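Peer 1: would you be able to build a 3D model of this:
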Amino acid sequence: MSEKSDGMTYAPEGRARPVVRPGEFNVAAAYLSHGHIYGQCNGLTEAGAVLKWVYDPDPQKVETFRAKFPSVNVARSFDEILSDADVKLVAAAAVPCERGPIGCRVMEAGKDYFTDKTPFTAFDQLERAKAVVAATGRKYMVYFSERLHVESAMFATDLLHRGAIGRVIQVIGLGPHRLMKSSRPSWFFEREKCGGILCDIGSHQFEQFLTFTGATDATVMHAAVGNYGNPDKPEFEDFGEASLLGDNGSTNYIRVDWFTPAGLGTWGDGRTVILGTKGYIELRKYIDVGRERTGDHVFLVDDSGEHHFPVAGRVGFRFFGELILDCLNRTETAMTQAHAFKAAELCLRAQAQARRIHS
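Peer 2: The predicted model follows:
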């Protein structure tokens, strides 16, 4: 099955837009438990980073990774990466419950950390990471790929910053995913290890809400999870929803699920609707169902009319270059640390408050 059909191996590729010279920003990849590591590394190397090391306890994962990045060196241990002073940043896609502790080790070794979402599965992991960031001055950045690696979402970010629809009142985020049950590792179905559906794929939606509305905090008004179609996996949640009230009065509703049917031409019909005081925007991120197999369609309706922007291949993925420069210059252009941690906190709060509505 192609990676467009399989979200776990979906790794967007863009044009090379280096922001540094070769060797100026060396990175390592470690703990390859989720296929998002390929998207993380694609973005970094396209922005000019040199992928120096790879490490995983499973040799097969390493060999598969080297097929994509053949020039990378294989580390004998994670400590070998941490002891290399040339490595500026470590990218990782570990089992979710391990992401926080690994990140703290990375930062304590004097390096910045770039983890797959969700960044934490428990509040104590978040608090520990905050403490290590404060003590070391290192970055704990998160691959919220459904905005950062989606051209339509980045295009919408710019539209909103320019005031295209006025003040944002509400964001509706729909994040359906294809389950592909037989290909998932055992940890995927274990609540303690994966964190739950609102903590996991819900993390994308909460990050987008903060970005699109400009809210810096939010209250969880409602949260619910259920297991409607997988009774053989009793800890698993295949449906989740939540609503938030931002500290600036904006609201958010999200729905995430694992019920993408086999007939859809991609791994999930991800959509976002953003309502403003002067118009609204809809993103059809991965497919325009029944019309176009292509993704990255942006629809804008304002006082001047109805507008369609097909932006695939026209926007690029600037986050990665901005992240590299942030690491070198100790700035916060790509994403602030407060923003990354607040998105993570909202995931944890929604998951903790969620009512289980079906088992």
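Peer 1: remind me which residues of the stretch 1-150 of the chain are low pLDDT?
Peer 2: 1-10 (pLDDT under 70).
Peer 1: quick one, strands of it?
Peer 2: With DSSP state E, counting those that start in this stretch as the criterion, the stretch 1-150 of the chain has strands at 26-32, 50-55, 73-74, 87-93, 112-116, 140-143.
Peer 1: next: the stretch 151-300 of the chain.
Peer 2: Going by DSSP E, counting those that start in this stretch, the stretch 151-300 of the chain shows strands at 168-176, 218-226, 239-246, 251-257, 271-276, 279-284, 297-302.
Peer 1: what pairs with the nearest residue to residue 37 once chain neighbours are set aside across the strands?
Peer 2: In this structure, residue 37 finds its nearest non-sequential neighbour in residue 93, 3.9 Å apart by Cβ to Cβ, 6 or more residues apart in numbering. (Glycine included, C-beta is placed from N, CA and C.) Going by DSSP bridges, residue 93 is paired in beta bridges with residue 32.
Peer 1: check whether residue 93 really touches residue 117, as I assumed.
Peer 2: No - if you go by Cβ atoms under 8 Å, residue 93 and residue 117 don't touch, sitting 9.4 Å apart.
Peer 1: those two: who's more crowded?
Peer 2: Neighbours were tallied for residue 93 and for residue 117 using other Cβ atoms under 10 Å; the higher tally belongs to residue 117 (28 against 25).
Peer 1: so how far is residue 131 from the spatially most central residue of the chain?
Peer 2: Among the residues of the chain, the one closest to the centroid is residue 144, at 1.9 Å (Cα atoms, centre = their mean). Between residue 144 and residue 131 the distance is 22 Å, computed by Cβ to Cβ, to the nearest Å.
Peer 1: do residue 207 as well
Peer 2: 22 Å.
Peer 1: those two: which is more packed in?
Peer 2: Neighbours were counted for residue 207 and for residue 131 using other Cβ under 10 Å; residue 207 has more, 25 against 11.
Peer 1: what residues are up against the more buried one?
Peer 2: 117, 142, 144, 147, 339, 343 (Cβ atoms under 8 Å, 6 or more residues apart in numbering).
Peer 1: so which of these belong to helices?
Peer 2: If you go by DSSP state H, these have 147, 339, 343 in helices.
Peer 1: quick one: which of these is nearest to residue 101?
Peer 2: residue 343 (19.4 Å; Cβ to Cβ).
Peer 1: the closest one: neighbour count?
Peer 2: Using other Cβ under 10 Å, residue 343 has 25 other residues around it.
Peer 1: so it is in contact with residue 203, correct?
Peer 2: Yes - the pair residue 343 and residue 203 passes the contact test of Cβ under 8 Å, sitting 6.4 Å apart.
Peer 1: what sits in contact with each of these two?
Peer 2: With Cβ under 8 Å, 6+ apart as the test, residue 343 and residue 203 both reach 142, 144.
Peer 1: could you dump the strands of the stretch 151-300 of the chain to a markdown table with mean pLDDT and distance to residue 182?
Peer 2: Below are these laid out as a markdown table (pLDDT from 0 to 100; distance: least, Cβ to Cβ, whole Å):
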| stretch | mean pLDDT | distance to residue 182 |
| --- | --- | --- |
| strand 168-176 | 98 | 19 |
| strand 218-226 | 98 | 22 |
| strand 239-246 | 98 | 20 |
| strand 251-257 | 98 | 18 |
| strand 271-276 | 98 | 27 |
| strand 279-284 | 98 | 29 |
| strand 297-302 | 98 | 32 |
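Peer 1: now those strands as a markdown table including mean neighbour count and distance to residue 63?
Peer 2: Written out in a markdown table, the entries for the strands of the stretch 151-300 of the chain read as follows (neighbours: other Cβ atoms under 10 Å; distance: least, Cβ to Cβ, whole Å):
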| stretch | mean neighbour count | distance to residue 63 |
| --- | --- | --- |
| strand 168-176 | 21 | 32 |
| strand 218-226 | 18 | 37 |
| strand 239-246 | 22 | 35 |
| strand 251-257 | 21 | 33 |
| strand 271-276 | 21 | 37 |
| strand 279-284 | 22 | 37 |
| strand 297-302 | 18 | 38 |
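Peer 1: for residue 137, find the nearest of those.
Peer 2: strand 218-226 (27.4 Å).
Peer 1: so what's the nearest residue to residue 218 once chain neighbours are set aside up against?
Peer 2: Take residue 218 and drop its neighbours on the chain: the residue closest to it by Cβ to Cβ, 6+ apart is residue 244, 4.2 Å away. Going by Cβ under 8 Å, 6+ apart, residue 244 touches 206, 209, 218, 219, 220, 221, 251, 252, 346, 350.
Peer 1: pLDDT score assigned to the residue sitting furthest away from the middle of the chain?
Peer 2: No residue in the chain sits farther from the centre than residue 304, which is 33.8 Å out by Cα atoms, centre = their mean. The score at residue 304 is 97. That number is its pLDDT.
Peer 1: for the one 10 residues further on, same thing?
Peer 2: According to the predicted model, the pLDDT of residue 314 comes to 96.
Peer 1: same thing with the one 3 residues further on?
Peer 2: The predicted local confidence for residue 317 comes out at a pLDDT of 97.
Peer 1: contact partners for it?
Peer 2: Per Cβ under 8 Å, 6+ apart, neighbours of residue 317: 12, 14, 43, 46, 148, 149, 151, 154.
Peer 1: sort out for me which of the residues you listed are in helices.
Peer 2: Short answer: the contacts of residue 317 in helices (DSSP H) are 43, 46, 148, 151, 154.
Peer 1: so what's the third one up against?
Peer 2: In other words, residue 148. Contacts of residue 148 (Cβ under 8 Å, 6+ apart): 43, 154, 317, 319.
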